[in-house]
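# sharing a model prediction with you, sequence too.
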Amino acid sequence: MPIALDERKKPKNLKVFVSTGEGMEIAWNDGHLSRYTFPYLREHCPCAMCNDERQKKSELGKTAEVFPMFKPRITAKSASPVGNYAVQIEYSDGHSTGIYSYGHLREICPCEECQKEFAVSPK
C-alpha cells in the first residue's frame, strides 16, 4: 500500500523568478506562502555532492572559513519541473544536479513556523 503524502507539502502554485533573480515563491495547499532566494536554495541543495560538502564543513567547524573568498551572488540560469514532484535549478555557478522535491522545499522553508513544523534534524 502506498504511503500517503502530506497534503501540506503539495504546492497549489509555484513561481520561479529566473529573469528578475527574485527567487522562488510557493503557495501551498494549506494556504502558507513560502519565499526562497536563489542563494538560500543553492545553500540548501539536496544533491549528494552538496550533502557531502556540508558534512565536511560541519566536521571541520567554522575554522575552515577563516579567510572567506569573494563569491558573486548566486542567481538562476534556468528552472524546470521534474515530473509532478520537484523542481531542478541550474545556477550561475554551474551547479545543476539538485532536484528540489516539494517535500524538501517545505522542510527548508525559511519561516519560523515551518522550521518548527517541518524541519528535519541533521543526521
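Nice, thanks for sending it over.
# so where is this structure shaky, pLDDT-wise?
1-4, 61-68, 121-123 (pLDDT under 70).
# right, and the helix or strand after the lengthiest helix in the chain?
The single longest helix within the chain, with elements called by DSSP state H, is helix 48-60. Heading C-terminal from helix 48-60, the first helix or strand you meet, by DSSP states H and E, is strand 76-82.
# give me the contact list for that following strand.
With CB atoms under 8 Å, 6 or more residues apart in numbering as the contact definition, strand 76-82 has outside contacts at 16, 18, 21, 24, 38, 87, 88, 89, 90, 91, 92, 99. In this view, the C-beta of every residue, glycine as well, is placed from N, C-alpha and C.
# CA atoms only for stretch 98-116, dumped as PDB, please.
Taking C-alpha atoms only, stretch 98-116 is exported to PDB below (Å, rounded to 0.1, in the frame of the first residue of the first chain):
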ATOM      1  CA  GLY A  98      20.000  19.300  -7.200                       C
ATOM      2  CA  ILE A  99      16.400  18.200  -7.600                       C
ATOM      3  CA  TYR A 100      14.200  20.000  -5.000                       C
ATOM      4  CA  SER A 101      11.200  17.900  -4.200                       C
ATOM      5  CA  TYR A 102       8.200  19.700  -2.900                       C
ATOM      6  CA  GLY A 103       8.600  17.900   0.400                       C
ATOM      7  CA  HIS A 104      12.200  19.200   0.700                       C
ATOM      8  CA  LEU A 105      11.200  22.700  -0.200                       C
ATOM      9  CA  ARG A 106       8.500  22.800   2.500                       C
ATOM     10  CA  GLU A 107      11.000  21.300   5.100                       C
ATOM     11  CA  ILE A 108      13.600  24.100   4.300                       C
ATOM     12  CA  CYS A 109      11.000  26.900   4.200                       C
ATOM     13  CA  PRO A 110      12.900  29.800   6.000                       C
ATOM     14  CA  CYS A 111       9.900  30.900   8.100                       C
ATOM     15  CA  GLU A 112       9.900  30.100  11.800                       C
ATOM     16  CA  GLU A 113       6.500  28.400  11.600                       C
ATOM     17  CA  CYS A 114       7.700  25.800   9.100                       C
ATOM     18  CA  GLN A 115      11.000  25.300  10.800                       C
ATOM     19  CA  LYS A 116       9.100  24.200  13.900                       C
END
